[in-house]
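Student: Let's see this in three dimensions:
(one chain, ligands or ions: 2)
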Amino acid sequence: MYIAIEGIDTAGKSTQIKKLEKHFDNAVITKEPGGTDVGKEIREIVLSAKTKSKKAEFLLFLADRAEHVKEIIKPNLDKTIISDRSAVSGVAYALAQGEIEKKDLLSLNNFATDGIYPSKVFLLFLEKKELEFRLSQKKLDGIELRGVEYLLNIQNCIIEAAKLLNIELITINAAKNIDEITKEILNNIKK
Ligand SMILES: Nc1ncnc2c1ncn2[C@@H]1O[C@H](COP(=O)(O)OP(=O)(O)O)[C@@H](O)[C@H]1O
Ligand SMILES: Cc1cn([C@H]2C[C@H](O)[C@@H](COP(=O)(O)OP(=O)(O)O)O2)c(=O)[nH]c1=O
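Tutor: Ligands and ions are numbered 1, 2, ... in the order given. So this is what the prediction gives:
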């Protein structure tokens, strides 16, 4: 089973993935961007937010995704794969930019992933106040510097992206107790 943990920056994805890992003997834990060696280099570029062109940024994320699917996802589809982000983030963040047509977002992601998507996506949903608090606790990267309203809009775009990609989305309140969230995800995965 290939699942993804989705959510805006600071929603608690890395925290949950560290907890979930302990419940699986040989799960493949991965992420986007940066799940492969090439992806790590791409991640550096995109997090620096140096690209002037939104299309260039989108295509860099697609390149990371193509490498991720070929090197990590495809060879491990017989295992449990838990990814920190996925094409759902890819479509969501690009939807928010508004520069690329929805049909192109979908066809380009199909091209990059060979149509391989998570079977389930867990959205860790943050309310504005909790997001503001969590952002105040960290050094912001180039994308996070775009601000709270930008990230809240992304959260809505994640819901829209899952619908567009026809992926089952389970939404969880990200402000719940950490262990409670882990239990909720596990109960759903093992259902
Ligand atoms: N359920 C939670 N309740 C309160 N704080 C949380 C919760 N989950 C994560 N955090 C805190 O929020 C911050 C961001 O968590 P992180 O897992 O790094 O988010 P992400 O990977 O989505 O950016 C960290 O300081 C983490 O300790
Ligand atoms: C996978 C992906 C991420 N992103 C954004 C989301 C994040 O801001 C950043 C990825 O950095 P990441 O470390 O995953 O963010 P965080 O852990 O804070 O949630 O890139 C895109 O814009 N497009 C994509 O396709």
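Student: State the helix or strand in which A4 lies.
Tutor: Using DSSP states H and E, the element containing A4 is strand 2-6.
Student: so what strands line up beside that strand?
Tutor: Sheet partners assigned to strand 2-6 using DSSP bridges are listed as strand 81-84 (parallel), strand 120-125 (parallel).
Student: which residue ranges form the helices in the protein?
Tutor: Secondary structure of the chain (DSSP state H): helices at 13-21, 37-47, 54-68, 87-97, 102-113, 128-136, 148-164, 178-189.
Student: returning to what we had before: the strand holding A4 - what's its average pLDDT?
Tutor: Throughout strand 2-6, pLDDT has a mean value of 98.
Student: distance between that strand and the chain's centre?
Tutor: 7 Å (Cα atoms, centre = their mean, to the nearest Å).
Student: Alpha carbons of it, as CSV, please.
Tutor: C-alpha atoms of strand 2-6 as CSV (Å, rounded to 0.1, in the frame of the first residue of the first chain):
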residue,chain,number,x,y,z
TYR,A,2,1.3,3.5,-1.0
ILE,A,3,0.0,6.2,1.3
ALA,A,4,1.0,9.9,1.7
ILE,A,5,0.9,12.2,4.7
GLU,A,6,-0.1,15.6,3.4
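Student: Distance of V28 relative to A161?
Tutor: Separation of V28 from A161 (Cβ to Cβ, to the nearest Å) stands at 23 Å. Any C-beta I mention is one placed from the backbone N, CA and C, and that applies to glycine too.
Student: could the helices of the chain be laid out in TSV, adding mean neighbour count, mean pLDDT and distance to A4?
Tutor: Putting these into TSV (neighbours: other Cβ atoms under 10 Å; pLDDT from 0 to 100; distance: least, Cβ to Cβ, whole Å) gives the following:
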stretch	mean neighbour count	mean pLDDT	distance to A4
helix 13-21	17	97	9
helix 37-47	16	96	15
helix 54-68	20	96	11
helix 87-97	24	95	6
helix 102-113	17	97	12
helix 128-136	14	94	20
helix 148-164	19	96	10
helix 178-189	15	97	11
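Student: Next, format those as JSON lines and append distance to ligand 1.
Tutor: Shown next, in JSON lines, are the helices of the chain (distance: least, Cβ to the nearest ligand atom, whole Å):
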{"stretch": "helix 13-21", "distance to ligand 1": "3"}
{"stretch": "helix 37-47", "distance to ligand 1": "12"}
{"stretch": "helix 54-68", "distance to ligand 1": "16"}
{"stretch": "helix 87-97", "distance to ligand 1": "11"}
{"stretch": "helix 102-113", "distance to ligand 1": "21"}
{"stretch": "helix 128-136", "distance to ligand 1": "5"}
{"stretch": "helix 148-164", "distance to ligand 1": "11"}
{"stretch": "helix 178-189", "distance to ligand 1": "4"}
